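S.K.: Structure of the sequence below:
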Amino acid sequence: MTRFMDVHHGMKGITADELMAAHRADQEIEGEEGVHFERAWADPESGIVYCLSEAPSAEAVLRVHDRAGHPADEINPVPLAV
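M.R.: As a prediction, the model looks like this:
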């Protein structure tokens, strides 16, 4: 499995409760795609949200986000971490 960092734009003003709700929506269906969403971060001022996941493919991550109602604008594999 590979780690992925995906980015969502256009979520200006997102609150902690809204971020948690979006993260939970992903977690409710992640198993159907073999994905595990680890964490999410947001900058309410810029409207950028980042999600870290472990998944069999970028496409699986994108499918979960699409189904949960908040499609990702970009996704990047994270092959190396310290």
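
S.K.: what about stretch 36-48, distance to the chain center?
M.R.: 8 Å (C-alpha atoms, centre = their mean, to the nearest Å).

S.K.: And stretch 56-70, by the same measure?
M.R.: The answer for stretch 56-70 is 8 Å, by C-alpha atoms, centre = their mean.

S.K.: What is the burial count for the residue nearest to residue 11 when sequence neighbours are not counted?
M.R.: Leaving aside its sequence neighbours, residue 11 sits nearest to residue 47 (C-beta to C-beta, 6 or more residues apart in numbering; 4.6 Å). Yep, even glycine has a C-beta here, placed from its N, CA and C like the rest. Residue 47 has 14 neighbouring residues, counting by other C-beta atoms under 10 Å.

S.K.: Residue 18 is in contact with residue 47, correct?
M.R.: No: counting by C-beta atoms under 8 Å, residue 47 does not reach residue 18; the two are 11.7 Å apart.

S.K.: Brilliant, that's me finished.
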